[in-house]
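> The following comprises the amino acid sequence and a computationally predicted model.
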Amino acid sequence: LYNPPNVLLNFEFFKTTVDKKLRNYILGGDLKARTKQIGCVRENENGIMLERIINELDFSVINDKRPTFNIFNKNYFEILHLFLVSSSLIDKITDFSVLNSQDMTSDHFPIEASISMGFQLENKSAAKSSLTIDQLNDKITEKIISASHKSIPYLSKKIYKTSLPPNIVNLIKERRKVRRNFQKTRCQKLKQKFNQLTSELKASLKKFWNQHWFDFIEKMGKNPLTRSNLIPNLILNENEFKTNEEKGKCFGELLSSIFSPNSDLIDSEKDIEILNSNSDFFRNYNQSNFNDAICLNELIMALKRLKNEAASGPDQIHNLIR
C-alpha cells in the first residue's frame, strides 16, 4: 500500500475491504503514519488512525524498532514503512529485516519479511519446472507494475543535459559508501568522514556550476545588450529625441517640471496674502531684532510644536543624475 502525503488513512477500507473479507492477509507499504506505539520518533494524524486500526481491528505490526527512513545530513531517522498482518499469521513470521545496506539511491529503505506457511503442493512436479516458476514470477511482476501505474502519479524522466565531471561523481559514490557503512556501524569517525565529504562535494558543485554559468555568459558575447535599442525614441512637443543622452535629459526635465512648486497652484486670496506677508517679513528681516534673549523653557516649547516628519519645503535636489 502507498498512502499519498496529506491524505488521511481510510479506516473503512481496512475494516470492510480487508478485515471482514479476508482471514489471512499481509499488507506492506508506506502509510505516512507515525505513532510512538510502534516506535516512531514523532506522531501525526495518520499515526492516531493507525493506532485505532491496530486496536479495534485484527491487525498487527511486525516491524521492530529499526528505522526505515532517514535524512542523514540532519541525523533524523523514522519508521515509515510497515508490515501489517492478521493475528492468524503472527506465529508464521520467522524474520523481519530492514535492508539499509542496499544502495537504492533513496532515503527510504526496503523492508523484508520471511513467512513460514507450511503449504503442501498438490502438484509437486509443476513446481520443479523453472519455466512454470518464471511464468508465475512474470505474472506477479506484471501485477505489481500495473498496480504501481494506477496508484503512483507518473512523472516524466528528468533529462540532465549537463553531465557532472568524474571527480564529482567519484565524490558522490564515496559519500554514499561511507553513509552505508556508518548506518551499519554507527562509527563516529565515519560520520566525520561523511561530513568532510559533504563539505567537499558542496564546494566542488558550487565551483562547477559557477564555471558552467561563466562559460554560458562568455558564449553570449561581451556586450550582448548593446546590439539593440532598449528605449524607443521619445517625442515631446513635436520634438524627437533619439540618442540615450537626449532621452534621459528630456525625461529628467519632465520629472523636474512635474515635482517642482508652481505659482499657478496658488489661487485663493488667502494663500496670496500669506505668501506676500512671508515675503515682506524675510525681505525686511534686518529691521527685526533676532537677538532677544530667550529662556530654555521657551526653546523647549517651540521645539515641541515642531512636526518632526514635516518637510521644510520643496526638494532642492535636481531630478537629473549626472
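Arrived safely. It should be emphasised that the depicted structure is a prediction, and the values quoted were computed from it without experimental measurement. Residues are numbered from 1 along each chain as shown.

> okay, Lys189: pLDDT?
With respect to pLDDT, Lys189 scores 90.

> Okay, it and Lys32: tell me how far apart.
The gap separating Lys189 from Lys32 is 35 Å, by CB to CB, to the nearest Å. From N, CA and C alone the C-beta is placed, and that goes for glycine too.

> Longest helix in the chain, by number of residues?
As assigned by DSSP state H, the longest helix anywhere in the chain is helix 188-220.

> what comes up buried for that one?
Neighbour counts using 16 or more other CB atoms under 10 Å place Leu190, Lys191, Lys193, Phe194, Leu197, Thr198, Ser204 of helix 188-220 among the buried residues.

> before we move on, what SS does the spatially closest residue to the third one that is not a sequence neighbour have?
On the basis of CB to CB, 6 or more residues apart in numbering, the spatially nearest residue to Lys193 that is not a chain neighbour turns out to be Val178, at 5.2 Å. Under the three-state scheme (DSSP: H, G, I helix; E, B strand; the rest coil), Val178 adopts helix.

> Quick check: what element follows the helix or strand of the chain with the lowest mean pLDDT along the chain?
For the chain, counting by mean pLDDT, DSSP states H and E, helix 124-128 ranks last in confidence among helices and strands (a mean of 61). For helix 124-128, the following helix or strand on the C-terminal side (DSSP states H and E) is helix 130-151.

> How far off centre is that following helix?
With CA atoms, centre = their mean, to the nearest Å as the basis, helix 130-151 stands 36 Å off its chain's centre.

> give me the number of residues near Asp30?
Asp30: 17 surrounding residues under other CB atoms under 10 Å.

> Leu299 too?
Neighbour number of Leu299 under other CB under 10 Å is 10.

> residues in contact with it?
For Leu299, the contact set (CB atoms under 8 Å, 6 or more residues apart in numbering) is empty.

> Which pLDDT value belongs to it?
We have a pLDDT of 79 for Leu299.

> so it is in which element?
Per DSSP H and E, Leu299 falls inside helix 296-304.

> Pull out the buried positions in that helix.
Going by 16+ other CB under 10 Å, helix 296-304 has no buried residues at all.

> Repeat that for stretch 45-52.
Neighbour count says stretch 45-52 has Asn46, Gly47, Met49, Leu50, Glu51 buried, by 16+ other CB under 10 Å.

> Which one of those residues is nearest to Thr132?
Leu50 (38.7 Å; CB to CB).

> What residue, apart from its backbone neighbours, is nearest the closest one spatially?
Closest residue to Leu50 apart from its sequence neighbours, by CB to CB, 6+ apart: Ala33 at 4.1 Å.

> any weak-confidence spans in the stretch 151-300 of the chain?
Scanning the stretch 151-300 of the chain for pLDDT under 70 picks out 152-162, 221-230, 259-268, 270, 282-292.

> run the last query once more with 90
151-166, 179-188, 191, 212-300 (pLDDT under 90).

> From what I see, Phe109 and Phe72 are in contact.
No - with contacts counted by CB atoms under 8 Å, Phe109 stays clear of Phe72, the gap being 11.6 Å.

> In terms of neighbours, single out the busier of the two.
Taking neighbours as other CB under 10 Å, Phe109 and Phe72 compare with Phe109 leading, 21 against 16.

> Just the pLDDT for the more buried one.
Looking at Phe109, its pLDDT is 85.

> which residues does it contact?
Counted by CB under 8 Å, 6+ apart, Phe109 has contacts Pro67, Thr68, Phe69, Asn70, His81, Val98, Leu99, Asn100, Gln102.

> Need these in TSV (columns: secondary structure and pLDDT).
Below are the contacts of Phe109 laid out as TSV (DSSP: H, G, I helix; E, B strand; the rest coil; pLDDT from 0 to 100):
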residue	secondary structure	pLDDT
Pro67	coil	88
Thr68	coil	87
Phe69	strand	85
Asn70	strand	82
His81	strand	88
Val98	strand	88
Leu99	coil	84
Asn100	coil	79
Gln102	coil	67
